[in-house]
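[1] Give me a 3D structure for the following:
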Amino acid sequence: MISKQHAKLVLQNCLTTGGDFAEIFAENTIGNSLELSSGDISRSNTVNTYGAGIRILHESQEVYGYTNDLSFDGLNKLALSLAKSFDYEVNSIKFELLEEVVNNKHHNIIDPKQTSNEKKIKYMIETYEAAKSYHEDISQAIVTLLDESQDVYIFNSEGRMLKDSRCHVRMSLRVVASKNGVMQVATDSIGRNSGFEIFDNSDLKTFGREVAESAVTMLNAEEMVGQSIPVVIHNAFGGVILHEACGHLLEATSVAKGLSVFTNKLGEQIASSIVNATDDGTLTNSWGSLNVDDEGTKTKKNVLIENGVLKSYLVDKRNARKMKCDITGSSRRQNYRFSPTSRMTNTFFENGQSTYDEIISNTKFGLFAKKMGGGSVNPATGEFNFAVNEGYMIIDGKISYPVKGATLVGSGAEVLKKIDMIGNNLSFGHGMCGSSSGSIPTDVGQPTIRVSSITVGGRGGKK
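    Modelled structure (predicted):
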């Protein structure tokens, strides 16, 4: 894609006005998407993302630009243009590009590039039919199947030169249940950093039925009554609470600017002593995993919270300079059009000592948030607002009637301290995380947890 000789010359020209670090990030990505609704393919699309971004740093100052002209002249023109942003004493930086071999631990067995649309559609129809036939109140089911094969090339003025290949496959299901003019929607997804073998190892019929069951259950649920009560948050996508209300606040993007409630809190008790939280980009074939991050640093297991004590932030190269700390293999970007910054990979609460049954039976009254939805968070304060997509009241230690329209309102810092039970049933949910460097695949996860008290919003009247 870019020769070693041309890359070196471009990087050298980046440094002619006092920059002390230069980087080229190039990619060639093929992305395919199919949508099935009403039993037929309603959309098909293929996108080729091809180009390179150039970044120059002077201490913690940054300038970034991109192009899809990967000829030497195209890259050099961009490099010289960006270099004009600096006017410092020129550093005598000398380097030779040395090719590094990236060990790919996230193999895809059934390559999307070798998988026919007929086979893809077969997976989609199986899921669709299971959802649509579940109940007479199911009015619509929409299946979306995405696959992306990405080759990235990284060169920098520290002499690094490497190539990495990534493969992501994800199926999303949206089910609509309706009756007497009332409509309820349920969604879920299956995603991995792997090939289409993920569907050979998944029960797509069960997946379709479970999403449909959620939609029908919530269609007939009572409205949640607003109150402050204990909340049991189930595993898998329940981990969105950690991701949004804590994880983003531990990214150096916010911490380095002093815009996080956890700035300057390393070594301090920020959570209940039973809380252990991790961001691990090495989990084999997980949706948010990578061999190396988008600066070429190997991903790793970063312990964020240990026994309630804050142990680490997620740090990229530029913010490491500001914070004077080590980088953590957490630099990510959507594609070459975005400058990289610190982001999460697979972020989760570790298993605890309780069982799911013990958590429910020890809760006299509260809300069971079986499936979480989206929400919003203010990184500066940690205040959040999350929807509960599927909820049930807990009465006398047993799951009781379903409730809809519940929202969880509070702050990440408070919730971390109020976690008083953690289960041993860790599992993951798969989503797309948006931030300043674009939208990227991330896993959220946790075992079932109990928070002793959260403000729960709802429109229901008192029973």
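
[2] ok, V176 - contacts?
    138-141, 183-185, 215 (C-beta atoms under 8 Å, 6 or more residues apart in numbering). In this view, the C-beta of every residue, glycine as well, is placed from N, C-alpha and C.

[3] Can you flag the buried ones in these?
    Among the contacts of V176, those classed as buried by 16 or more other C-beta atoms under 10 Å are 138, 140-141, 184-185, 215.

[4] can you put the residues you listed in CSV and add secondary structure and pLDDT?
    Formatted as CSV, the buried ones among the contacts of V176 follow (DSSP: H, G, I helix; E, B strand; the rest coil; pLDDT from 0 to 100):
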residue, secondary structure, pLDDT
I138, strand, 98
Q140, strand, 97
A141, strand, 98
Q184, strand, 97
V185, strand, 97
A215, helix, 98
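
[5] which residue packs closest to the residue lying farthest from the centre of the chain, ignoring adjacent ones?
    Farthest-out residue of the chain from its mean C-alpha position, per C-alpha atoms, centre = their mean: E89, at 40.4 Å. Of all residues beyond its chain neighbours, the one nearest E89 is G18 (5.8 Å), with distances taken as C-beta to C-beta, 6 or more residues apart in numbering.

[6] Can you tell me which of the contacts of V176 is closest to V240?
    Nearest to V240 among the contacts of V176: V185, at 17.0 Å, using C-beta to C-beta.

[7] Okay, that closest one and I241: tell me how far apart.
    21 Å (C-beta to C-beta, to the nearest Å).

[8] okay, among the buried ones among the contacts of V176, which ones form the most distant pair?
    A141 and Q184 (13.1 Å).

[9] Need the three-state assignment for the residue nearest to E89.
    Three-state call for G18 (DSSP: H, G, I helix; E, B strand; the rest coil): coil.

[10] ok, how many other residues are close to the residue nearest to C325 when sequence neighbours are not counted?
    Nearest non-adjacent residue to C325, counting by C-beta to C-beta, 6+ apart: V315, 5.9 Å away. Counted with other C-beta atoms under 10 Å, residues neighbouring V315 total 27.

[11] now the helix or strand harbouring E129: mean pLDDT?
    Assigned by DSSP states H and E, E129 falls within helix 117-132. In this model, helix 117-132 carries a mean pLDDT of 97.

[12] buried stuff in that helix?
    120-121, 123-132.

[13] Kindly report the same for stretch 160-172.
    160-164, 166-172.

[14] One more: stretch 36-54?
    Result for stretch 36-54 [16+ other C-beta under 10 Å]: buried residues 36, 49, 51-54.

[15] thinking again about what came up before, next, format the buried residues of stretch 160-172 as a markdown table and append secondary structure.
    Output for these, formatted as a markdown table (three-state DSSP):
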| residue | secondary structure |
| --- | --- |
| R160 | strand |
| M161 | strand |
| L162 | strand |
| K163 | strand |
| D164 | strand |
| R166 | strand |
| C167 | strand |
| H168 | strand |
| V169 | strand |
| R170 | strand |
| M171 | strand |
| S172 | strand |
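
[16] which of the buried ones among the contacts of V176 lies closest to F95?
    Checking the buried ones among the contacts of V176 one by one against F95 (C-beta to C-beta), the nearest turns out to be V185, at 53.7 Å.

[17] all helices of the protein, in order?
    4-14, 72-83, 117-132, 197-200, 204-219, 240-242, 252-255, 317-323, 356-361, 412-418 (DSSP state H).

[18] and among those, the most buried is which?
    Using mean count of other C-beta atoms under 10 Å, the stretch among these with the greatest mean number of neighbours is helix 240-242 (a mean of 28).

[19] for it, packing partners?
    Secondary-structure packing of helix 240-242 (3 or more C-beta pairs under 8 Å, 6 or more residues apart in numbering; DSSP states H and E): strand 346-349, strand 365-377, strand 383-395, strand 438-446.

[20] What lies in contact with the last one?
    The list of residues contacting strand 438-446 from outside it, by C-beta under 8 Å, 6+ apart, reads 168, 170, 191, 193, 233, 235-243, 283, 286-289, 332-335, 337-338, 343-349, 426-433.

[21] If we use 7 Å, what do you get?
    168, 191, 235-240, 242-243, 286-288, 332-335, 338, 343-349, 426-433 (C-beta atoms under 7 Å, 6 or more residues apart in numbering).

[22] what angle separates that strand from strand 365-377?
    Inter-element angle recorded for strand 438-446 and strand 365-377: 160 degrees (by axes from the mean of the first three to the mean of the last three C-alpha atoms, to 10 degrees).

[23] pLDDT averaged over strand 438-446, what's the number?
    Mean predicted lDDT for strand 438-446 stands at 97.

[24] so where's the chain shaky on pLDDT?
    462-463 (pLDDT under 70).

[25] thinking again about what came up before, tell me the one among the buried residues of stretch 36-54 nearest to H106.
    Looking across the buried residues of stretch 36-54 and measuring by C-beta to C-beta, the closest to H106 is T49, at 19.5 Å.

[26] leaving aside the residues next to it on the chain, what's closest to that closest one?
    T29 (4.1 Å).

[27] Check K163 too.
    Y153 (5.2 Å).

[28] The residue farthest from the centre of the chain and T16 touch, don't they?
    No - the pair E89 / T16 is not scored as a contact, 11.6 Å apart, by C-beta atoms under 7 Å.

[29] From the rest of the structure, what touches stretch 419-426?
    235, 271-272, 274-275, 348-349, 351-356, 359, 362, 445-452.

[30] could the helices of the chain go into JSON lines alongside distance to G373?
    Formatted as JSON lines, the helices of the chain follow (distance: least, C-beta to C-beta, whole Å):
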{"stretch": "helix 4-14", "distance to G373": "44"}
{"stretch": "helix 72-83", "distance to G373": "41"}
{"stretch": "helix 117-132", "distance to G373": "18"}
{"stretch": "helix 197-200", "distance to G373": "23"}
{"stretch": "helix 204-219", "distance to G373": "11"}
{"stretch": "helix 240-242", "distance to G373": "8"}
{"stretch": "helix 252-255", "distance to G373": "23"}
{"stretch": "helix 317-323", "distance to G373": "30"}
{"stretch": "helix 356-361", "distance to G373": "21"}
{"stretch": "helix 412-418", "distance to G373": "17"}
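
[31] Using the record's domain definitions, break this protein down for me.
    Listed by automatic domain parsing, the domain ranges of the chain are 4-220, 223-459.

[32] Pick the most buried one from these.
    domain 223-459 (a mean of 21).

[33] how long is stretch 342-356 from one end to the other?
    Start-to-end span of stretch 342-356 (C-alpha to C-alpha, to the nearest Å) is 34 Å.

[34] from the chain's centre, how far out does it sit?
    13 Å (C-alpha atoms, centre = their mean, to the nearest Å).

[35] Please name the nearest non-neighbouring residue to C246.
    Using C-beta to C-beta, 6+ apart, the nearest residue to C246 is G412, at 4.5 Å.

[36] cool, T448 as well?
    Counting by C-beta to C-beta, 6+ apart, the residue nearest T448 is G423, at 3.7 Å.
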